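Chemist: build me a model:
(one chain, ligands or ions: 3)
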Amino acid sequence: MSIQPITEAMLRNVIAPRLADSHKGTYGRLTLIGGNAQFGGAIIMATTAGIYSGAGLTTTITDPANVTALHTRMPEAMVVDFNNQAKLKELVRGATSIVVGPGLGNDDQGLRILKDVFEVVSEKQVLIIDGSAIDLVATHSLMLPAAKLIFTPHEMEWQRLSGIPIAEQTVANNLQAAAKIGGIIVLKKHHTQIASDGQLFENPGGTPAMATGGMGDTLAGMIGGFTAQFADTLGAVLAAVYIHSQIADDLAHNAYVVLPTQISEEIPWYMKQYSLPKTN
Ligand SMILES: NC(=O)C1=CN([C@@H]2O[C@H](COP(=O)(O)OP(=O)(O)OC[C@H]3O[C@@H](n4cnc5c(N)ncnc54)[C@H](O)[C@@H]3O)[C@@H](O)[C@H]2O)[C@@H](O)CC1
Ligand SMILES: Nc1ncnc2c1ncn2[C@@H]1O[C@H](COP(=O)(O)OP(=O)(O)O)[C@@H](O)[C@H]1O
Ligand SMILES: [Mg+2]
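Modeler: Ligands and ions are numbered 1, 2, ... in the order given. As a prediction, this is how the structure comes out:
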């Protein structure tokens, strides 16, 4: 099995210059669901990344305790109470891409919300399943909905989802489990690997300066923002993974740790570079 490194050429094929005759409706509707009373920061970081990645319209469905903090950080986000079941279903139905899980919690409340998302999501929509949502799928053996599924587990979450202990997570074992689960699997670690349809890609970048809470929440938001606006879903995932760690690598030249929110602020500059014609 050959492992394909993600290349900058792949990113240039995905991140196209924006057309003059376009508007926010052109760049997709992103809905993010998560952030219970304990983990508000996770959904705020995911939302921040989604907006800096260029999603046309972003709505965050979260615990009401997080609304003021989110609005203070990101007034660009619309916000809905995650206890409002009717509104949650309406916003999931209307989304281009949905991110569910950052800071959602794996209790009964999280489970009820995840089940509502699974009930209404449909085939043409991208559904990114991250963090607590991965745990809930694994613990409750939930039936997966028909949608363009993207899972973003770290190695411990992958162990729970696939049943493969971390020490036995070889390429062959991972690909076999990925084929069974379906969709795109982003296995996050040093040199993150992405499995899709029997193919395996590897991220050449990444640094231990990224080993801080919220880094994966930020990646989930980026994948949401990229898939909301770029039709090539696999290409959008590869581009998000690559840019996420490329920014961190660049910042880590002069910094011992890189914060997730610092990455988000850099995203538009990097996207711009990949959208321009290559000069050399
Ligand atoms: N500020 C916040 O609100 C934050 C909320 N978070 C949320 O907290 C919930 C629980 O997620 P966690 O991931 O913390 O908890 P988990 O219990 O799922 O996993 C974390 C543990 O897994 C182990 N592990 C093994 N291999 C790993 C790897 N390659 N990468 C990362 N961890 C690895 C580590 O020892 C780590 O303590 C999620 O919903 C998440 O989104 C976290 O993102 C942290 C920040
Ligand atoms: N040593 C490392 N090298 C490269 N990337 C790392 C390293 N440690 C963490 N990361 C990256 O940081 C992110 C961590 O994701 P995750 O554990 O889900 O964070 P959280 O849930 O706290 O937001 C992943 O994208 C992972 O690849
Ligand atoms: Mg995570």
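Chemist: what residues are up against residue 55?
Modeler: Neighbouring residues of residue 55 by Cβ atoms under 8 Å, 6 or more residues apart in numbering: 27, 28, 29, 30, 97, 224, 225, 228, 229. Backbone N, C-alpha and C define where each C-beta goes, glycine included.
Chemist: now the two most distant members of those residues.
Modeler: Spatially, the most separated pair among the contacts of residue 55 is 27 and 224, at 12.0 Å (Cβ to Cβ).
Chemist: tell me which element the residue lying closest to residue 62 once chain neighbours are set aside falls in.
Modeler: The shortest distance from residue 62 to any residue other than its chain neighbours is 3.9 Å, reached at residue 35 (Cβ to Cβ, 6 or more residues apart in numbering). According to DSSP states H and E, residue 35 maps onto no helix or strand at all.
Chemist: show me what contacts residue 35?
Modeler: 41-44, 60, 62-63, 66, 70, 82, 102-104.
Chemist: among those, which are in helices?
Modeler: 41, 42, 43, 44, 70 (DSSP state H).
Chemist: what about the residue of the chain found nearest ligand 2, which SS state?
Modeler: Among the residues of the chain, residue 216 lies closest to ligand 2, at 2.1 Å counting by Cβ to the nearest ligand atom. Of the three states, residue 216 takes helix under DSSP: H, G, I helix; E, B strand; the rest coil.
Chemist: so it sits right up against residue 131, yeah?
Modeler: Yes. Between residue 216 and residue 131 there is a contact at 7.0 Å, judged by Cβ atoms under 8 Å.
Chemist: neighbour count winner among these two?
Modeler: Using other Cβ atoms under 10 Å, the more surrounded residue of residue 216 and residue 131 is residue 131, with 28 against 25.
Chemist: which residue is the nearest non-sequential neighbour of the more buried one?
Modeler: residue 101 (4.1 Å).
Chemist: touching, that neighbour and residue 127? I think so.
Modeler: No. Contact criterion Cβ under 8 Å: residue 101 and residue 127 do not qualify, at 10.2 Å.
Chemist: compare these two (neighbour count), which wins?
Modeler: Between residue 101 and residue 127, counted using other Cβ under 10 Å, the more crowded position is residue 101 (33 against 27).
Chemist: contacting residues for the more buried one?
Modeler: Listed by Cβ under 8 Å, 6+ apart, the contact partners of residue 101 are 33, 34, 114, 128, 129, 130, 131, 132, 133, 134, 136, 220.
Chemist: show the pLDDT at residue 18.
Modeler: Per-residue pLDDT puts residue 18 at 97.
Chemist: re earlier: now distance to residue 150 too, for the ones in helices among the contacts of residue 35, in CSV please.
Modeler: Below are those laid out as CSV (distance: Cβ to Cβ, whole Å):
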residue, distance to residue 150
41, 22
42, 17
43, 17
44, 21
70, 23
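Chemist: what's the farthest-apart pair in those?
Modeler: For the ones in helices among the contacts of residue 35, the farthest-apart pair by Cβ to Cβ is 42 and 70; their separation is 11.3 Å.
Chemist: so between the two, which is more surrounded?
Modeler: Between residue 42 and residue 70, counting by other Cβ under 10 Å, residue 42 is the more crowded of the two (31 against 21).
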